[in-house]
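Q: curious how this folds, go ahead:
(2 chains)
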There are 2 protein chains.
Amino acid sequence: MRRGKIFIVSGPSGVGKSTVLKALLEKRPDLYFSVSATTREPRHGEIDGVHYHFLNVDTFREWIAKDEFLEYAEYVGNFYGTPKKYVDLAMNKGRDVILDIEIQGAIQVCGKRSDAVRIFIAPPSWPELERRLTERGTDSPEKIQKRLLRAKVEFQTAYTYDYFVINDSVENAVEELDAIMTAEHCKPKERMEIINSR
Amino acid sequence: MRRGKIFIVSGPSGVGKSTVLKALLEKRPDLYFSVSATTREPRHGEIDGVHYHFLNVDTFREWIAKDEFLEYAEYVGNFYGTPKKYVDLAMNKGRDVILDIEIQGAIQVCGKRSDAVRIFIAPPSWPELERRLTERGTDSPEKIQKRLLRAKVEFQTAYTYDYFVINDSVENAVEELDAIMTAEHCKPKERMEIINSR
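A: Have a look, this model is predicted:
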């Protein structure tokens, strides 16, 4: 049986990543979307193990000490991390895994799993990203300009990613993600073993 | 407009490569299948520029001297080569190009075009390749054993390829080739330029 692979998906705020990933899951229902661990309090309606794995700070520290995270970070006083065990469980069943994390986290993961595939979801253009952020209506104009600048900065290091998917339409973006996942399973390493063993 | 890419497709005799490539062309009618140049005499019904570009030995030598081949080889007294110009013409129009050549030729091409993508069409198993060669009915049992051994030798260097497509069914193989071509156009290099220019 083929082993699952890790696909890291990053992209700037407003690029439409969650819509694309939701549509991808409909096309590939066997995908496992990694659930992060966090030390922050659950919000109303959030379910442990579904939205997050909620841990107290001591447990989080213990997991760090035991090297049980693929990556972790601190964000406004709370810790967030990707637990190894659920990812490995899914991969051992042959399921591909999606990690929805940003560039810093992606670098951490690749240090531990060099065969993880990194995909950057990019906007079709900068004006279009600005339009989407404005349309969303959740940010002030100043905040939007800050997000745009941040996206441009991030984009300068994004060439280290394996793939760029341009989200010009959800349909195209899903088709490209789907193709990337199929293509990555055609890399020689796994398959030479398969063929030589027969 | 996106620029076309070179996809080199290799695989052992009997693997079903031509059937797969024919089906791929139906799915992607815009593909350009590179036509080789040769110094051998045209056979009955062969059309210059369609089956081969038929050249005399002097012209072939001249083309070598002018570096007009992506690769060339000698086979039972005749020369065969892949002319650059038709490949470049197609690529400049944004068309992807298929080169149906063996491992030695693939190495030559990659020396000149390091971004060429190499795909190896592999049999699902060695017994299955033997079965297909036998079923074809064109070779003696001794010849089949020789072909099998040659295929196994070739396969030991095939790990240098970018992708392995296992031809367990034409449908699967075409789907994988199609995915690889889509995925390869998602590599960051071309796309960063696109996005930064907007």
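
Q: how about the strands in chain A?
A: For chain A, strands defined by DSSP state E occupy the ranges A:6-10, A:32-33, A:37-38, A:53-54, A:69-75, A:78-83, A:97-100, A:117-122, A:163-166.

Q: and stretch A:114-123, what's buried?
A: Under the neighbour-count criterion of 16 or more other CB atoms under 10 Å in any protein chain shown, stretch A:114-123 has A:Ala116, A:Val117, A:Arg118, A:Ile119, A:Phe120, A:Ile121, A:Ala122, A:Pro123 buried. Using the backbone N, CA and C atoms, a C-beta is placed for each residue, glycine as well.

Q: that should have said stretch A:61-79, apologies.
A: A:Trp63, A:Glu68, A:Phe69, A:Leu70, A:Glu71, A:Tyr72, A:Ala73, A:Phe79.

Q: quick one: residues in contact with it.
A: Counting by CB atoms under 8 Å, 6 or more residues apart in numbering or on different chains, the neighbours of stretch A:61-79 from elsewhere in the structure are A:37-40, A:55, A:57, A:60, A:80-85, A:87, A:99, A:101, A:104-106, A:108-109, A:112-113.

Q: among the residues you listed, the buried ones, what's the ChimeraX command?
A: If you want just the buried ones from the contacts of stretch A:61-79 in ChimeraX, going by 16+ other CB under 10 Å, the selection is:
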select /A:37,38,39,55,60,80,81,82,83,84,87,99,101,105,106,108,109,113
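
Q: and chain B, which of the contacts of stretch A:61-79 contact it?
A: Filtering these for proximity to chain B (criterion: CB under 8 Å from any CB of the partner chain) leaves nothing.

Q: now stretch A:89-106 - C-alpha only, PDB.
A: Taking only C-alpha atoms (Å, rounded to 0.1, in the frame of the first residue of the first chain), the coordinates of stretch A:89-106 have been written out as PDB:
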ATOM      1  CA  LEU A  89      -1.500   7.700  12.100                       C
ATOM      2  CA  ALA A  90      -3.200   9.000   9.000                       C
ATOM      3  CA  MET A  91      -0.100   8.600   6.800                       C
ATOM      4  CA  ASN A  92       0.400   5.000   8.000                       C
ATOM      5  CA  LYS A  93      -3.100   4.300   6.700                       C
ATOM      6  CA  GLY A  94      -2.100   5.700   3.300                       C
ATOM      7  CA  ARG A  95      -3.900   9.000   3.800                       C
ATOM      8  CA  ASP A  96      -2.400  12.200   2.500                       C
ATOM      9  CA  VAL A  97      -2.200  15.000   5.100                       C
ATOM     10  CA  ILE A  98      -2.800  18.700   4.700                       C
ATOM     11  CA  LEU A  99      -1.100  21.100   7.100                       C
ATOM     12  CA  ASP A 100      -2.500  24.600   6.900                       C
ATOM     13  CA  ILE A 101       0.400  26.600   8.300                       C
ATOM     14  CA  GLU A 102       2.500  29.700   7.500                       C
ATOM     15  CA  ILE A 103       6.000  29.900   6.200                       C
ATOM     16  CA  GLN A 104       7.900  29.700   9.600                       C
ATOM     17  CA  GLY A 105       6.000  26.600  10.500                       C
ATOM     18  CA  ALA A 106       6.600  25.100   7.100                       C
END
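
Q: give me every residue in chain A lying close to chain B.
A: Within chain A, the residues that sit near chain B (CB under 8 Å from any CB) are A:119-120, A:122-127, A:155, A:158-159, A:161-166, A:175-176, A:178-180, A:182-184, A:186-189, A:191-192, A:194-196, A:198.

Q: redo that, cut-off 7 Å
A: Near chain B, the residues belonging to chain A are A:122, A:125-126, A:158-159, A:161, A:163-166, A:176, A:179-180, A:182-183, A:186-188, A:191-192, A:195, A:198 when assessed by CB under 7 Å from any CB of the partner chain.

Q: filter those down to just the ones in helices.
A: Among the residues of chain A next to chain B, DSSP state H puts A:Trp126, A:Glu176, A:Ala179, A:Ile180, A:Thr182, A:Ala183, A:Pro188, A:Arg191, A:Met192, A:Ile195 in helices.

Q: the closest residue to the second one other than its chain neighbours pairs with what?
A: Spelled out, that is A:Glu176. Distance criterion CB to CB, 6 or more residues apart in numbering or on different chains; nearest residue to A:Glu176, sequence neighbours excluded, is A:Val165 at 4.7 Å. A:Val165 has these beta-bridge partners by DSSP bridges: A:Ile121.

Q: pLDDT score assigned to A:Val165?
A: If you check A:Val165, the pLDDT there is 95.

Q: residue contacts, the residue most central in space within chain A?
A: Most central in chain A under CA atoms, centre = their mean is A:Asp100, positioned 2.0 Å from the mean C-alpha point. Residues near A:Asp100 by CB atoms under 7 Å, 6 or more residues apart in numbering or on different chains: A:Val9, A:Lys17, A:Leu21.
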